[in-house]
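A.B. asks: I would like to see how this sequence folds:
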Amino acid sequence: MQSKEYWFGLPKHLIWGFVAIAIFMAGDGFEMAFLSKHITDMGFTPAQSAVVFTMYGLAAALAAWASGVVAELITPQKAMTIGFVLWIVMHALFMSLGLGLRNYPLMLLFYGIRGLAYPLFIYSFMLMLVQVLPRQHLAAATGWFWAMYSIGIGVVGSYLPSLTIPVFGETGTLWFAIAWVASGGLLAFFSLRHVPVDRSRVNLPLRDKMTELSRAATILFTNRDIFYACLIRIINTLSLFGFAIVMPLLFVDRLGFTISEWLQIWAVFFFVTIFTNIFWGITGEYIGWIRQVRWFGCLGMAVSSLTFYYLPVYAGHNFLVALIPAVMLGIFVAAFVPMTAVFPTLEPHHKGAAVSIYNLSAGMSNFVAPAIASALLPFFDIVGVVWAYTGLYIFAGVLTLIINVPQPKRVRQQAEARKEEAQQRA
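C.D. replies: Take a look at the predicted model:
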């Protein structure tokens with residue numbers, strides 16, 4: 001049965017949804033590794049640039065928090081449609097009235113509102129996975145989800161601009177992003193509209209819907225393990241979002257790399273995560289979700305974050321040496337993939353609320369990373385930001401010793417499944 005419906009953990013009936021995530025996030029990621037420098041090149045300070053990303057991250061965190069429950073209340077398909085339309089409108093306003101007029105308040109406004117869009121699109125699809133896939137396939141499927149995310153935001157989103165910027169410039173490349181987002185949104189709309197999702201909460205009275213929405217906040221206080229898992233997931237991608245802001249300042253401004261070289265280094269990091277997301281998604285089923293997060297995620301990211309700074313500083317303008325920490329970061333950041341399955345497992349009766357907390361955590365990482373950077377850069381420079389991220393990864397490793405996740409290894413799961421089948425036959 002599994003070989004017919006899944007390909008190395010990828011659910012074949014949802015394959016175009018995964019492709020849509022990759023295309024959408026490619027457009028969303030065009031600006032990721034150069035927009036901060038583009039803003040400073042326009043005359044704004046590095047701190048002002050970091051604030052733009054902080055506002056974006058705050059909006060993304062709010063949208064991520066609400067997306068799980070919102071998608072459950074209106075269906076994931078409708079939530080994804082709202083997300084991609086909102087992205088296109090706000091990006092056009094950000095480009096024309098924000099960057100186009102060099103109006104800092106409008107940059108904050110429109111880029112901030114655009115931050116609501118991508119979490120609503122991608123995390124609604126994640127809820128769809130939670131709703132339609134059996135638990136034993138969820139971690140592997142979310143590994144594919146993050147692989148598509150990496151292909152989009154990292155590989156295509158970073159590498160393609162390195163080719164288009166010399167031809168069309170940074171502004172033309174930013175406008176080009178709309179075509180990718182629109183293509184991904186339309187593909188998702190037409191390919192997923194008939195997927196049989198859970199509609200049990202769609203017709204609830206408004207009061208009940210508000211109660212369910214509020215549960216996406218209250219379970220942080222009623223479920224201790226959800227709270228700890230939330231902190232771990234926030235820390236998970238600090239380097240991903242933070243290094244995209246601070247490392248161009250190191251590589252381009254101080255070490256002499258060109259913007260295209262930096263974008264290619266960043267693309268290599270994401271290229272590695274395509275494979276490691278799938279690898280860790282499957283491996284976590286065998287060695288244990290939290291054990292993997294502790295030793296390979298938290299400890300691996302602590303070492304990789306320090307290496308990403310100190311190795312290039314020591315080696316100078318050496319492209320091949322700079323690829324080493326990028327590869328390391330790509331290997332270990334993906335070890336957190338099983339956290340997607342951890343949340344609904346910790347709150348099985350309210351999966352939408354649990355996924356919302358997961359999404360909130362992911363969105364908060366998008367907010368916390370630049371917030372730490374903007375707070376520490378004026379006083380401790382880039383190295384202070386790197387050490388702050390490293391310390392938080394170590395802290396997350398300590399939290400994994402406290403959290404209690406009822407997840408047996410796959411071998412034990414298979415044994416239990418065989419036992420249940422034998423009992424049913426008897």
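
A.B. asks: what helix or strand is residue 406 on?
C.D. replies: For residue 406, there is no enclosing helix or strand under DSSP states H and E.

A.B. asks: surely it touches residue 345?
C.D. replies: Yes: with contact defined as C-beta atoms under 8 Å, residue 406 counts as touching residue 345 (6.6 Å). Every C-beta, even on glycine, is put in place using the N, C-alpha and C of the backbone.

A.B. asks: give me the more crowded residue out of these two.
C.D. replies: Using other C-beta atoms under 10 Å, the more surrounded residue of residue 406 and residue 345 is residue 345, with 20 against 9.

A.B. asks: quickly note the distance from the more buried one to residue 231.
C.D. replies: With distances taken as C-beta to C-beta, to the nearest Å, residue 345 is found 17 Å from residue 231.

A.B. asks: over to residue 404?
C.D. replies: Residue 404 is 15 Å from residue 231, where distance means C-beta to C-beta.

A.B. asks: please apply the same query to residue 8.
C.D. replies: Separation of residue 8 from residue 231 (C-beta to C-beta): 31 Å.

A.B. asks: the two: who's more crowded?
C.D. replies: Neighbours of residue 8 and residue 231, each counted by other C-beta under 10 Å, are more numerous for residue 231; the result is 16 against 10.

A.B. asks: next, the buried residues of whatever helix or strand that one lives in.
C.D. replies: Assessed by DSSP H and E, residue 231 sits inside helix 224-236. Within helix 224-236, the residues scored as buried using 16 or more other C-beta atoms under 10 Å are 225, 226, 227, 228, 229, 230, 231, 232, 233, 234, 235, 236.

A.B. asks: give me the neighbour count for the nearest residue to the third one once chain neighbours are set aside.
C.D. replies: This points to residue 227. Closest residue to residue 227 apart from its sequence neighbours, by C-beta to C-beta, 6 or more residues apart in numbering: residue 220 at 5.2 Å. Residues lying near residue 220 (other C-beta under 10 Å) number 17.

A.B. asks: in which helix or strand does residue 220 reside?
C.D. replies: If you go by DSSP H and E, residue 220 is part of helix 206-222.

A.B. asks: mean confidence for that helix?
C.D. replies: Mean pLDDT, helix 206-222: 78.

A.B. asks: could you give the angle of that helix to helix 224-236?
C.D. replies: 80 degrees (axes from the mean of the first three to the mean of the last three C-alpha atoms, to 10 degrees).

A.B. asks: show residues contacting helix 206-222.
C.D. replies: Applying C-beta atoms under 8 Å, 6 or more residues apart in numbering, the contact partners of helix 206-222 are 65-66, 68-70, 72-73, 201, 204, 226-227, 230, 347, 350, 352-354, 356-357, 360.

A.B. asks: going through those residues, which ones are buried?
C.D. replies: Among the contacts of helix 206-222, the ones that count as buried by 16+ other C-beta under 10 Å are 65-66, 68-70, 72-73, 226-227, 230, 347, 350, 352-354, 356-357, 360.

A.B. asks: take the residues you listed and keep only those in helices.
C.D. replies: Cross-referencing the buried ones among the contacts of helix 206-222 against helices under DSSP state H gives 65-66, 68-70, 72-73, 226-227, 230, 352-354, 356-357, 360.

A.B. asks: list the buried residues of stretch 250-269.
C.D. replies: For stretch 250-269, the neighbour count (16+ other C-beta under 10 Å) marks 250-252, 255, 257, 259-269 as buried.

A.B. asks: which of the residues you listed fall within helices?
C.D. replies: Among the buried residues of stretch 250-269, the members falling in helices (DSSP H) are 259, 260, 261, 262, 263, 264, 265, 266, 267, 268, 269.

A.B. asks: list the contacts of the nearest residue in space to the fourth one that is not next to it in sequence.
C.D. replies: Counting by C-beta to C-beta, 6+ apart, the nearest residue to residue 262 once its immediate chain neighbours are dropped is residue 251, at 4.7 Å. Under the criterion of C-beta under 8 Å, 6+ apart, the contact partners of residue 251 comprise 257, 261, 262, 265, 312, 322.

A.B. asks: again, only using 10 Å
C.D. replies: Counting by C-beta atoms under 10 Å, 6 or more residues apart in numbering, residue 251 touches 33, 37, 243, 257-259, 261-263, 265-266, 312, 317, 322.

A.B. asks: among those residues, which one lies nearest to residue 147?
C.D. replies: Of all those, residue 266 has the smallest distance to residue 147: 16.9 Å, by C-beta to C-beta.

A.B. asks: how about the strands in the protein?
C.D. replies: Residue ranges of the strands in the chain, as given by DSSP state E, are 6-7, 10-11.

A.B. asks: of those strands, which stretch is the most buried?
C.D. replies: Each of the strands of the chain was scored by mean neighbour count; the highest is strand 10-11, a mean of 20, by mean count of other C-beta atoms under 10 Å.

A.B. asks: which elements pack onto that strand?
C.D. replies: Here strand 10-11 touches helix 15-29, helix 138-149, going by 3 or more C-beta pairs under 10 Å, 6 or more residues apart in numbering; DSSP states H and E.

A.B. asks: would you map the helices across the stretch 51-200 of the chain?
C.D. replies: According to DSSP state H, counting those that start in this stretch, the stretch 51-200 of the chain carries its helices in the segments 76-93, 104-114, 117-132, 138-149, 157-192.

A.B. asks: cool, thanks, talk later.
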